[in-house]
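Undergrad: sequence first, then the predicted structure, then my questions.
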Amino acid sequence: MRLTVPVHGFGVESSARSAEAGAKDTDTDTDNDNDTREMPGGPPMTKPITLYYWPTPNGQKISIALEEMGLAYEVEYVNIGAGDQFKADFLKISPNNRMPAIIDPDGPDGAPIPVFESGAILQYLARKTGRFTGKSERQRVAVEEWLMWQMGGLGPMAGQAHHFLVYAPAMDPPHDLPYAKARYRNEVARLYRVLNDRLAENEFVAGDFYSIADIAIWPWAKGWKRQEQTLDDKPHMKRWLEQIAARPAVVRGAALGAERRGNLQDDRKAQAVLFGKPPK
Ligand SMILES: N[C@@H](CCC(=O)N[C@@H](CS)C(=O)NCC(=O)O)C(=O)O
């Protein structure tokens, strides 16, 4: 279900989503989703979580997690090509002027809590629900290792690969930089070899259970073609990409706001906002 609610704050538009369907879907996955509820999140939710979002891989991590966890949420679209991320109200929630961010109205002590940085949001939501986080300390360490691998490695490197392979050559004037292109293409290739090796031994990145680490990595890894990579020599990564893509919650989370995604290669105004000097 999806309905429009009044705009509040800086976003273009808000939408409320019911994750009831998500809760149903994930119930069928209890064999492998590590649904321990060992850290129950306190009182039941009284209001939906607000998701500050734009349809990019970092945003999709959180829409997918909310869908997987069956948490009700409403969406505040942060149009990063139009500069919404620099607005004062948003900076109070996300001082690094990046989305995603959330506000959970039912925070740990009953008061609202804002959270920015997608890795921190995933860990918060996993603690809140007790899901997708590992049953034992060993499992939790594995989840954190691969979550940090995404946050410190794949995300930044694939982001730079997108920049130098796709966006910079399309700018006016073009910045076609062979060294930068090779540097990030090669580093992403190395990371995918590491991922493929890991998935040769394990069904999911942290072991035999689906976790927030898979949720963090998948939205970036699905962009392998744009990053000028091949899966011909990475059968285990290919198997995993397809397996995650088939999860109904992933389909819904990845589709959120897809109709708003512009073509940054042709959008000079968005390029100026994202790649020029930030507006004051
Ligand atoms: N480390 C941050 C990165 C978030 C990030 O880079 N978000 C991008 C979109 S994918 C953004 O908001 N960009 C706005 C800008 O560059 O001004 C996280 O994982 O949350």
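TA: Cool, the structure landed. Residues are numbered from 1 along each chain as shown.
Undergrad: can I get stretch 266-280 as PDB, trimmed to CA atoms?
TA: The C-alpha coordinates for stretch 266-280 follow below in PDB (Å, rounded to 0.1, in the frame of the first residue of the first chain):
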ATOM      1  CA  ASP A 266      22.800  14.700 -19.200                       C
ATOM      2  CA  ASP A 267      21.700  16.800 -16.200                       C
ATOM      3  CA  ARG A 268      24.100  19.800 -16.000                       C
ATOM      4  CA  LYS A 269      22.200  21.300 -13.000                       C
ATOM      5  CA  ALA A 270      22.500  18.200 -11.000                       C
ATOM      6  CA  GLN A 271      26.100  17.800 -12.000                       C
ATOM      7  CA  ALA A 272      26.800  21.300 -10.700                       C
ATOM      8  CA  VAL A 273      25.100  20.500  -7.400                       C
ATOM      9  CA  LEU A 274      26.800  17.100  -6.900                       C
ATOM     10  CA  PHE A 275      30.200  17.700  -8.500                       C
ATOM     11  CA  GLY A 276      30.600  21.500  -8.200                       C
ATOM     12  CA  LYS A 277      30.900  23.600  -5.100                       C
ATOM     13  CA  PRO A 278      28.100  23.000  -2.600                       C
ATOM     14  CA  PRO A 279      25.500  25.800  -2.400                       C
ATOM     15  CA  LYS A 280      25.800  28.000   0.600                       C
END
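Undergrad: R190: how many residues sit nearby?
TA: By the measure other C-beta atoms under 10 Å, the count of residues near R190 is 12. The C-beta positions use only the backbone N, C-alpha and C, and glycine is treated the same way.
Undergrad: phi first, then psi, for it.
TA: Torsion angles at R190 (phi, psi; degrees, to the nearest 10) stand at phi -60, psi -50.
Undergrad: tell me which element A158 falls in.
TA: helix 155-162 (DSSP states H and E).
Undergrad: and that helix, how far out from the chain middle?
TA: 14 Å (C-alpha atoms, centre = their mean, to the nearest Å).
Undergrad: which strands or helices does it pack on?
TA: Helix 155-162 makes packing contacts with helix 57-69, helix 178-201, helix 212-221 when contacts are defined by 3 or more C-beta pairs under 8 Å, 6 or more residues apart in numbering; DSSP states H and E.
Undergrad: nearest to the ligand, of these?
TA: In terms of C-beta to the nearest ligand atom, the element of the helices and strands packed on helix 155-162 nearest to the ligand is helix 57-69, at 3.9 Å.
Undergrad: the inter-axis angle of the next helix or strand after the closest one versus helix 57-69?
TA: Following helix 57-69 in sequence order, the next helix or strand is strand 73-77 (DSSP H and E). With axes from the mean of the first three to the mean of the last three C-alpha atoms, to 10 degrees applied, the angle from strand 73-77 to helix 57-69 works out at 170 degrees.
Undergrad: next up, phi/psi of the residue of the stretch 101-250 of the chain found nearest the ligand, please.
TA: Of all residues in the stretch 101-250 of the chain, S118 sits closest to the ligand, at 3.5 Å by C-beta to the nearest ligand atom. Dihedral pair for S118: phi -60, psi -40, per degrees, to the nearest 10.
Undergrad: tell me how far it lies from S94.
TA: Look at S118 and S94: by C-beta to C-beta, to the nearest Å, they are 11 Å apart.
Undergrad: the more surrounded of these two?
TA: With neighbours defined as other C-beta under 10 Å, S118 and S94 compare such that S118 has more, 28 against 19.
Undergrad: the more buried one contacts N96, doesn't it?
TA: No - the criterion here is C-beta atoms under 8 Å, and S118 misses it with N96 at 11.2 Å.
Undergrad: now stretch 223-237 - C-alpha only, CSV.
TA: Taking Å, rounded to 0.1, in the frame of the first residue of the first chain, the C-alpha atoms of stretch 223-237 are listed here in CSV:
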residue,chain,number,x,y,z
GLY,A,223,25.7,-2.2,-10.7
TRP,A,224,28.7,-4.3,-11.9
LYS,A,225,28.1,-3.5,-15.6
ARG,A,226,28.3,0.2,-15.1
GLN,A,227,31.5,-0.4,-13.1
GLU,A,228,32.9,-2.1,-16.2
GLN,A,229,33.2,-5.5,-14.5
THR,A,230,32.5,-9.1,-15.7
LEU,A,231,30.8,-11.9,-13.9
ASP,A,232,32.1,-14.6,-16.3
ASP,A,233,34.8,-15.5,-13.9
LYS,A,234,32.6,-14.9,-10.8
PRO,A,235,29.9,-17.6,-10.7
HIS,A,236,29.4,-17.4,-7.0
MET,A,237,28.8,-13.7,-7.0
